[in-house]
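Peer 1: Sequence first, then the predicted structure, then my questions.
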Amino acid sequence: MTNAPRLTRKTTAPKAGIVHLGPGAFFRAFNAIYSQDAMDHSGGDWGIVAVSLRSPTARDQLRPQGGAFTSVSLGPDGADYRQIESIVDVLVAPEDPAAVVAAMSDPAIKIVSLTITEKGYCHAPSTGRLNLDHPDILHDLANPATPRSAPGFIVEALASRRAAGTKGFTVLSCDNLPSNGHLAREIILSLAAERDSGLADWIAENVPFPATMVDRITPATTDRDVAGLAQAQGIYDPACVNHEPFRQWVIEDSFADGHPAWDVGGAQFVRDVEAHENMKLRCLNGTHSALAYLGYLGGYETISDTVSDPAYAAFCQNLWAREILPAVEKPEGEDLNAYTAALLDRYRNPSIRHRTWQIAMDGSQKLPQRILGTLSAGLAEGRDCSGLILVVAAWMRYVGGVDEAGQPIDVKDPLADKLRAASDSAVDPAGKVAALLAVEDVFEAGLAANPEFRSSVTQAFEGLCENGARACVAKAFS
């Protein structure tokens, strides 16, 4: 704790026009700042009601500060500080779900945006379909007025707006998922159809689901960050957020009732986001996950620590050149080689302490989009995919829950127990690999049954067990 005075709001709060589900560090470092830029430049009632679907932490941090927080942009040469005041209230869904539905039902709300991570969509990542056996979905179907899941809240709020004769809002997914707008639409329509086919038809006609591509490296805020801000600026702000200077937001231009002037902050409104999405998911998120699993197993705490090892930097560069870029369509106006070179420079930024353990979280939800899609395309086209296969094997080693020194790994994943049980069901590497490939939530059946893939993953897993991650990374493209 510090004796520094607590951050306070300086300006009158704008009226709310956005409800945002998932007020974590990335939202504060990204959506909230773009909206602040838009209102600073063009005005408008685009304040944000932030909704936590689980923990009261964000509310407890932000409400005493009137929703204000500090953005700390960490470049290699130092930090820039800025107070952000686009958040006007914070709700905690489990405490009062009716208040959340009421906020989203307000006709003044024109956009409901999401940063709920992959697992928040309650879908099977291997298929992209709504998981009707998900506990939260079962609850929301039985108790629609008191939802638990993000899809449940959206469907209930839209049902309320339909009944009141109010137009629909835009559902804006800002999560790292391929075709995130399409996925959000399919999940919401599937859940609505389980309740009322007429409601599903109304949503299909009245609610846009634009796709987006979002990019800004944002570590989780730590006590050390809060203490550092207090020392540097003389204020106590537990809601502060650290991030890199770089940011990019590409948005499909499809909205029900307008949007903030996000473009003044550099957002790009386009007709089709898909090429940008694939570039970012495969080039950035794919190598982030690769460095997370192989770096953690190799004993590195952060991404910048990991790529400071020349073997890991070379692995990353070879992964892009040989296996990822051949599977990426070049978006208009982008130079893919320059893009990946800039990514490596971003990874090397020593001011950004992005922990490998943090990026490794929820791997069962991330692997299909970040790694397996690229790998499947490569295998289908006859390319060597040994680097990506090593990443899959590293994920398997990681979710087994024991590191190379025999110490336990705190695996944070919605399927953690299932994955650990699969790994523990066999003693030998081949058995472990076979058991994990049988987890249909992660591996599409055709890929899991591919004999070349199974054999290669088994061989890579054996190499990790025998030689360790660092040696395998150094040898990967030799």
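Peer 2: That came through, no problem.
Peer 1: Run through the residues that contact the residue nearest to G373 when sequence neighbours are not counted.
Peer 2: Counting by Cβ to Cβ, 6 or more residues apart in numbering, G373 lies nearest to P178, which is 7.0 Å off, once chain neighbours are set aside. (Each C-beta comes from the backbone N, C-alpha and C, glycine too.) The contact partners of P178, taken as Cβ atoms under 8 Å, 6 or more residues apart in numbering, are E274, E277, N278, L281, Q369, G373.
Peer 1: now swap in G168 and tell me
Peer 2: With contacts defined as Cβ under 8 Å, 6+ apart, G168 is in contact with L158, R161, R162, W202, I203, N206, V207, A256.
Peer 1: Repeat that for D403.
Peer 2: Residues near D403 by Cβ under 8 Å, 6+ apart: Y296, L297, I409.
Peer 1: can you check E462 too?
Peer 2: P429.
Peer 1: care to break this protein down by domain?
Peer 2: 16-270, 274-475 (automatic domain parsing).
Peer 1: quick one: low-confidence parts of the stretch 1-150 of the chain?
Peer 2: For the stretch 1-150 of the chain, the stretches with pLDDT under 70 are 1.
Peer 1: all helices for it, in order.
Peer 2: Shown for the stretch 1-150 of the chain, the helices assigned by DSSP state H, counting those that start in this stretch span residues 25-29, 31-42, 57-62, 97-105, 135-142, 150-164.
Peer 1: So what touches the last one?
Peer 2: Which is helix 150-164. Around helix 150-164, the neighbours that count as contacts under Cβ under 8 Å, 6+ apart are 21-22, 51, 53, 93, 97, 100-101, 104-105, 107, 112, 114, 116, 120-122, 130, 136-137, 139-140, 144-145, 147, 167-169, 171, 187-188, 191-192, 195-196, 199, 202-203, 206-207.
Peer 1: what comes up buried for stretch 62-73?
Peer 2: L62, Q65, G66, G67, A68, F69, T70, S71, V72, S73 (16 or more other Cβ atoms under 10 Å).
Peer 1: for stretch 90-101, same thing?
Peer 2: For stretch 90-101, the buried set under the neighbour-count rule, 16+ other Cβ under 10 Å, comprises V90, L91, V92, A93, P97, V100, V101.
Peer 1: could those be laid out in JSON lines, adding distance to I33?
Peer 2: Compiled in JSON lines, the buried residues of stretch 90-101 are given as follows (distance: Cβ to Cβ, whole Å):
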{"residue": "V90", "distance to I33": "17"}
{"residue": "L91", "distance to I33": "21"}
{"residue": "V92", "distance to I33": "23"}
{"residue": "A93", "distance to I33": "24"}
{"residue": "P97", "distance to I33": "28"}
{"residue": "V100", "distance to I33": "24"}
{"residue": "V101", "distance to I33": "27"}
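Peer 1: Take the contacts of P178 and keep only those in strands.
Peer 2: With DSSP state E as the criterion, strands contain none of the contacts of P178.
Peer 1: Spatially nearest residue to P107, not counting backbone neighbours?
Peer 2: Distances taken as Cβ to Cβ, 6+ apart place T166 nearest to P107, at 4.8 Å, with adjacent residues excluded.
Peer 1: Quick check: that neighbour vs V427, distance?
Peer 2: The gap separating T166 from V427 is 60 Å, by Cβ to Cβ, to the nearest Å.
Peer 1: still on that earlier bit, tell me if I am right that the residue nearest to G373 is in a strand.
Peer 2: No - remark: P178 does not belong to a strand; assigned using DSSP: H, G, I helix; E, B strand; the rest coil, it is coil.
Peer 1: how much space between it and E252?
Peer 2: 13 Å.
Peer 1: Can you list the buried residues in stretch 129-140?
Peer 2: When burial is assessed from 16+ other Cβ under 10 Å, stretch 129-140 yields the following buried residues: L130, N131, H134, D136, I137, D140.
Peer 1: So D441, which state does it fall into?
Peer 2: Secondary structure of D441, per three-state DSSP, is coil.
Peer 1: That one and S289, how far apart?
Peer 2: From D441 across to S289, the span is 17 Å (Cβ to Cβ).
Peer 1: The two: who's more crowded?
Peer 2: More neighbours sit around S289 than around the other of D441 and S289, counting by other Cβ atoms under 10 Å; the figures are 22 against 17.
Peer 1: got a pLDDT number for that one?
Peer 2: According to the prediction, S289 has pLDDT 98.
Peer 1: which element is S455 on?
Peer 2: Remark: S455 resides in helix 451-467, with elements defined by DSSP states H and E.
Peer 1: Could I have the CA atoms of that helix written out in PDB?
Peer 2: What follows is the C-alpha trace of helix 451-467 in PDB, where atoms were taken according to Å, rounded to 0.1, in the frame of the first residue of the first chain:
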ATOM      1  CA  PRO A 451      -0.800 -40.400 -39.000                       C
ATOM      2  CA  GLU A 452       1.900 -38.000 -40.100                       C
ATOM      3  CA  PHE A 453       0.800 -35.500 -37.600                       C
ATOM      4  CA  ARG A 454       0.400 -38.000 -34.800                       C
ATOM      5  CA  SER A 455       3.900 -39.500 -35.400                       C
ATOM      6  CA  SER A 456       5.500 -36.100 -35.700                       C
ATOM      7  CA  VAL A 457       3.900 -34.700 -32.500                       C
ATOM      8  CA  THR A 458       5.000 -37.900 -30.600                       C
ATOM      9  CA  GLN A 459       8.500 -37.500 -31.800                       C
ATOM     10  CA  ALA A 460       8.600 -33.800 -30.800                       C
ATOM     11  CA  PHE A 461       7.100 -34.700 -27.400                       C
ATOM     12  CA  GLU A 462       9.800 -37.300 -26.900                       C
ATOM     13  CA  GLY A 463      12.500 -34.800 -27.800                       C
ATOM     14  CA  LEU A 464      11.100 -32.300 -25.200                       C
ATOM     15  CA  CYS A 465      11.100 -35.000 -22.500                       C
ATOM     16  CA  GLU A 466      14.700 -36.200 -23.400                       C
ATOM     17  CA  ASN A 467      16.400 -32.900 -24.200                       C
END
